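Visitor: Sequence plus the predicted model coming up.
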Amino acid sequence: QVQLQESGPGLVKPSQTLSLTCTSSGGSNTRSTDYWRWIRQPPGKGLEWLGTIVGSDNAYYDPSLKSRTSISRDTSKNQFTLQLSSVVPEDTAVYYCTRGGPSGMDFWGKGTQVTVSS
């Protein structure tokens, strides 16, 4: 049974960089073809895709956030991270990490609330 767990600060000040880590455990060994994604849901809104990483360094991002977003992966620790710079209150959301294939997100973390406020 694959489990994903997000971790990071629950409160970030405006203009700072948000850093979240997702740790994967259980299930079969990870594959180089797995797609690892970050998704968020702002209050009262739908799910928003932030970005995806495949393998260790093939990352791509939502164009509207690309200039502020970075996703990386540490295969030795079964972790991948999200960095979102210059945050604003509109970045307040529940952030989820997922693992799956090219067209599906088979496994989800429980999500972590991030609030951007001074």
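Guide: Okay, I see it.

Visitor: Give the buried residues for the worst-scoring helix or strand of the chain on mean pLDDT.
Guide: Ranked by mean pLDDT, DSSP states H and E, the weakest helix or strand in the chain is strand 105-108, scoring a mean of 91. Buried residues in strand 105-108, counted by 16 or more other CB atoms under 10 Å: Met105, Phe107, Trp108. Every C-beta, even on glycine, is put in place using the N, C-alpha and C of the backbone.

Visitor: elements contacting it?
Guide: Packed against strand 105-108, as judged by 3 or more CB pairs under 8 Å, 6 or more residues apart in numbering; DSSP states H and E, are the following elements: strand 3-7, strand 35-41, strand 93-100.

Visitor: Which elements pack onto the first one?
Guide: With contacts defined as 3+ CB pairs under 8 Å, 6+ apart, the packing partners of strand 3-7 are strand 18-25, strand 93-100, strand 105-108.

Visitor: Just send those strands back as TSV, with distance to Gly8 too.
Guide: Below are the helices and strands packed on strand 3-7 laid out as TSV (distance: least, CB to CB, whole Å):
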stretch	distance to Gly8
strand 18-25	4
strand 93-100	8
strand 105-108	16
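
Visitor: who wins for proximity to Pro43 among these?
Guide: Closest to Pro43 of the helices and strands packed on strand 3-7, according to CB to CB: strand 93-100, at 7.3 Å.
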